[in-house]
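Student: Predicted coordinates and the sequence they were generated for:
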Amino acid sequence: MRVVLLSTYELGHQPLGLARPAAQLIQDQHEVVCADLSVEKLPEEAVHGADLVGISVPMHTATRLGVRLAERVRALNPHAHVCFYGLYASLNAESLLGRHADSVIGGEYETPLRDLVRALAAAAGQPSLVTTPGPVGVATAHGDIGSPFLGRQVFALPRRDLLPALDRYAHLDDGHGRQKLAGYVEASRGCAHRCLHCPITPVYSGRLRIVQADVVIEDVRQLVRLGAEHITFGDPDFFNGVKHSLRIVEALHQEYPGLTYDATIKVEHLLEHRALLSRLKDTGCVFIVSAVEAVDDTILGHLEKGHTAAHVEAALDLVTAAGLVMRPTFVAFTPWTTLEGYWQLLAFIERRRLIRHVEPVQLAIRLLVPRGSSLIGTTAMDAYLGAFDETTLTYTWRHPDPRMDELQVRMAGLVEEAARAGDDAVGTFSRIKSLAKTQSSRFKPQRGVVERPRNALRASRVRPSLASGVPRLTEPWFC
């Protein structure tokens, strides 16, 4: 079988969604071509001769781009079987199947994709597989969409040699004028938690799947051979399998003492495992990404985040005391975000000296409600939920205060313009404050709503440090 695996958007790192399944398919003696269209051109000749074209969709943006890509693939090769696979594939099965895809695979996609290719190879010269139910975990247009495959797998070593070089992707900026090549791995997938806005929740339903430690360590070894001096652990939460994760970083530190890394950890896990933060520091961790989302307890409650604003403050203190840097992420605009609340978020960032820690795009992000979202059906969300938009692959929602929807649109334009101009975080934050102030002054407060944005910012008397020293990845759009 001739297989082409394509990626459209991976937030500045090599696409594991291509390298992992490619390794298994090559073991089965299939011919595999991989292409990351965020940094290279579509291999039209390979697509033209492909039996199956797989489109990796780990994110919402990748799915929207994947729909357009599928149209190009169909034009080049109308006979190829087109499969969307990854976290967002099963979420969007109803929109993808028949129109854009012959099959979709969510959850733990490597084994079902391998089984799909085997089934297609066995059916060569016979009626297409799309007219019959596919293998377990494979949804087809003529079969039951079913549930994503969540079985445990033995992972193969990813085929990094099929991907573009590391220097095509985000680097680590150590905050002191040096950049390092960065590699990306995952020690686990899924999540033991069920935050309602997270796309992992409706797919994995609180389940965690571990990638074998020897595979992760060997993958890091091959990344180091390719020049990586820093590793991003892309696990949804690095402390979901805390013993597993620590074994990996301690083994890597012993083998590569100068290798640094970053990881994503929930606020509640930072509090629960506070005694382990020093071990992260000692093994080369330079920053922690944490999905704070909001510093308003009402919003955090609606999202079922599992932490409060006070917990965020405590986690920041612990991370700082351990000599680490926290890079919080936010969903700045939700149906429950007030104008005063937005100002309070800015005040929090300023007071905690986080301006250089927060990517400006985080202050423009609007709550995404994809098909299958666990927010759907909740009392808090349903009051604002509109129709599903097949173009954007999201449910629409309107804020009860029109100023907030307008502010979000203008903020998104501001941060995009600032990123293209290469503005730094401090300058962009100043522009964000100015825009928020302008927006608040254009409207009289709604009846019954008390707004004190100027007082909120005046309460923050700490000037942001203009010194460097805050490590970050050079891809500014991660969230």
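Tutor: Nice, I can see it.
Student: C-alpha only now, for contacts and for neighbours.
Tutor: OK.
Student: Thr283 reaches Ile248, doesn't it?
Tutor: No. Using Cα atoms under 8 Å as the test, Thr283 is too far from Ile248 to be in contact (10.0 Å).
Student: Check the model's average confidence along stretch 255-264 for me.
Tutor: Summarised as a single mean, pLDDT over stretch 255-264 is 98.
Student: and that stretch, how far out from the chain's middle?
Tutor: Computed by Cα atoms, centre = their mean, to the nearest Å, the separation of stretch 255-264 from the middle of its chain amounts to 21 Å.
Student: picking up where we left off before, compare Thr283 and Ile248 (neighbour count), which wins?
Tutor: Thr283 (21 against 17; other Cα atoms under 10 Å).
Student: what's the more buried one sitting at in phi/psi?
Tutor: phi -100, psi 10 (degrees, to the nearest 10).
Student: Can you give me every residue that contacts it?
Tutor: Contact analysis of Thr283 by Cα atoms under 8 Å, 6 or more residues apart in numbering lists Val249, Glu250, His253, Pro257, Thr260.
Student: Which members of those occur in strands, if any?
Tutor: Taking DSSP state E, the ones among the contacts of Thr283 that sit in strands are Thr260.
Student: Please tabulate the contacts of Thr283 in CSV, including the columns neighbour count.
Tutor: Converted to CSV, the contacts of Thr283 look like this (neighbours: other Cα atoms under 10 Å):
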residue, neighbour count
Val249, 23
Glu250, 17
His253, 17
Pro257, 13
Thr260, 24
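Student: Most widely separated two among the contacts of Thr283?
Tutor: Farthest pair in the contacts of Thr283 (Cα to Cα) is Glu250 and Thr260. Separation: 11.6 Å.
Student: What part of this protein, helix or strand, is modelled with the least confidence?
Tutor: Taking mean pLDDT, DSSP states H and E as the measure, the chain has helix 453-458 as its least confident helix or strand, at a mean of 37.
Student: what about the strands in the stretch 151-300 of the chain?
Tutor: 171-173, 179-185, 188-190, 208-210, 230-233, 260-264, 285-293 (DSSP state E, counting those that start in this stretch).
Student: Where do the strands of the stretch 351-479 of the chain begin and end?
Tutor: Remark: strands assigned in the stretch 351-479 of the chain by DSSP E, counting those that start in this stretch are 385-389, 394-397, 472-473.
Student: Packing partners of the shortest one?
Tutor: It refers to strand 472-473. Using 3 or more Cα pairs under 8 Å, 6 or more residues apart in numbering; DSSP states H and E, the elements in contact with strand 472-473 are strand 171-173.
Student: For the strand it packs on, give me every contacting residue.
Tutor: Strand 171-173 is contacted from outside by Gln179, Lys180, Leu181, Ala182, His230, Pro471, Arg472, Leu473, Thr474, Glu475, using Cα under 8 Å, 6+ apart.
Student: out of those, which is most surrounded?
Tutor: Scoring the contacts of strand 171-173 on neighbours with other Cα under 10 Å, the highest-scoring entry is Ala182 at 28 neighbours.
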